[in-house]
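1. Provided below for reference: sequence and predicted model.
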Amino acid sequence: MVLVPDFEVTGGECEHTNVTDTKVDATCTEDGYHIIVCNDCKEVILNETTDAPGHKIETKVLISPTYVTEGERVSYCTRCGEHVSTDYIKAVKSPFTDVKSGDWYAEAVYFAVNNGLFFGTSDVNFEPDTNMNRAMLVTVLFRLDHGSVKPDNTISKTFKDVPANQWYTGSVEWAAENGIVAGTSASTFSPLDNITREQVASILYRYARYKGYDIDASIDLSGYKDSSSISSYAVKPISWANAYGIINGVSPVKLNPLGKASRAEVAQMFRKYKDNILNDFTAK
Ligand SMILES: [Zn+2]
Ligand SMILES: [Zn+2]
């Protein structure tokens, strides 16, 4: 039998000068290939495949769990972007016997601890009902502002009762220099006095002013029966703080401006400040 080629032989070896070159890159899930065929002699000059490499999975926490709420984690491919899975992360167990997930301040305590603002009084106690003193409050504010940068406690220049080398000296000096605290007199700060609710509101108000955030918001406080007991310097700050949900009544008709602020209340006020002021203004 004589084989008749179905192509034209032009004499001698084909030089493969007229080829079809097809190249398809591999994707995460499908092989790639590279085929070169001569259009004249139909010879397959190259036939290479590249294996699909599979997804390159990375896992990212979208929402961190707290003592109260669960978090969320997603797995996705960093090469093709394919979403692989979403998992829930169990709520974190509070390490404090006096902070349970159902307590009104549990979320706030988690916020304070997780952001390094203030911590338990021991590994197992937070003491939510213990009052906070003025030195501690300003130290917490310094941490909110500076993150992990530590204050310089070696220089005292503003208040005679804030000497050098106390744990709060640098924070109080920073706050005084920037008009955030005014002291309890021209020369005193009363660092170890318990801080009152109206003092916390005033300090957060002046801190917002220092940062250039809105301080014009205000709300009518006359619905609170004790609104007339607000110190005159604190009326505008409390009205501002109430408008932003930073300080709320202890009951629908009681603001308790002169009441001592507990650690739980301070945690809550800072959390609301972060949620309602910082997130709002730093996003712009
Ligand atoms: Zn050829
Ligand atoms: Zn992929």
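-> Yep, it's here. Ligands and ions are numbered 1, 2, ... in the order given.

2. Could you identify the longest helix within this protein?
-> helix 197-211 (DSSP state H).

3. Show me what it is packed up against.
-> helix 134-146, helix 235-243, helix 263-273 (3 or more C-beta pairs under 8 Å, 6 or more residues apart in numbering; DSSP states H and E). Bear in mind the C-beta positions are built from the backbone N, C-alpha and C, glycine included.

4. Make CSV from those helices and add distance to ligand 1, mean neighbour count and mean pLDDT to it.
-> Formatted as CSV, the helices and strands packed on helix 197-211 follow (distance: least, C-beta to the ion, whole Å; neighbours: other C-beta atoms under 10 Å; pLDDT from 0 to 100):
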stretch, distance to ligand 1, mean neighbour count, mean pLDDT
helix 134-146, 73, 21, 97
helix 235-243, 82, 22, 96
helix 263-273, 75, 23, 97
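
5. Make CSV from those helices and add distance to residue 156 to it.
-> CSV is the format used below for the helices and strands packed on helix 197-211 (distance: least, C-beta to C-beta, whole Å):
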stretch, distance to residue 156
helix 134-146, 13
helix 235-243, 27
helix 263-273, 25
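
6. so which of these comes closest to ligand 2?
-> helix 263-273 (38.6 Å; C-beta to the ion).

7. List the contacts of that closest one.
-> Contact partners of helix 263-273, identified using C-beta atoms under 8 Å, 6 or more residues apart in numbering, comprise 103-105, 107-109, 111-112, 117-118, 126-132, 137, 140, 144, 195, 197, 200-201, 204, 208, 241, 244-247, 261.

8. 7 Å instead?
-> Outside helix 263-273, the residues within contact range by C-beta atoms under 7 Å, 6 or more residues apart in numbering are 105, 108-109, 111-112, 117, 126-130, 132, 137, 140, 144, 197, 200, 204, 245-247.

9. With stretch 30-42 instead?
-> Counting by C-beta under 7 Å, 6+ apart, 7, 14, 16, 18-26, 44-52 sit against stretch 30-42.

10. and of the helices and strands packed on helix 197-211, who's closest to residue 184?
-> helix 134-146 (8.2 Å; C-beta to C-beta).

11. which among the contacts of stretch 30-42 end up buried?
-> 14, 19 (16 or more other C-beta atoms under 10 Å).

12. Among the contacts of stretch 30-42, which ones lie close to ligand 2?
-> Subset of the contacts of stretch 30-42 in contact with ligand 2: empty, counting by C-beta under 5 Å from the ion.

13. Residue 73 belongs to a helix, doesn't it?
-> No: Residue 73: not assigned to a helix; according to DSSP: H, G, I helix; E, B strand; the rest coil it is strand.

14. I'd like the distance from it to residue 99, if you could.
-> 24 Å (C-beta to C-beta, to the nearest Å).

15. What about the closest residue to ligand 2 within the stretch 101-250 of the chain, how many residues nearby?
-> With C-beta to the ion as the measure, residue 114 is the residue of the stretch 101-250 of the chain nearest to ligand 2, at 32.8 Å. Neighbours of residue 114 under the rule other C-beta atoms under 10 Å: 12.

16. ok, it - contacts?
-> Contacts of residue 114 (C-beta under 7 Å, 6+ apart): none.

17. Could you measure from the most centrally placed residue in the chain over to residue 108?
-> Residue closest to the mean C-alpha point of the chain, counted by C-alpha atoms, centre = their mean, is residue 115 at 7.9 Å. According to C-beta to C-beta, residue 115 and residue 108 sit 11 Å apart.
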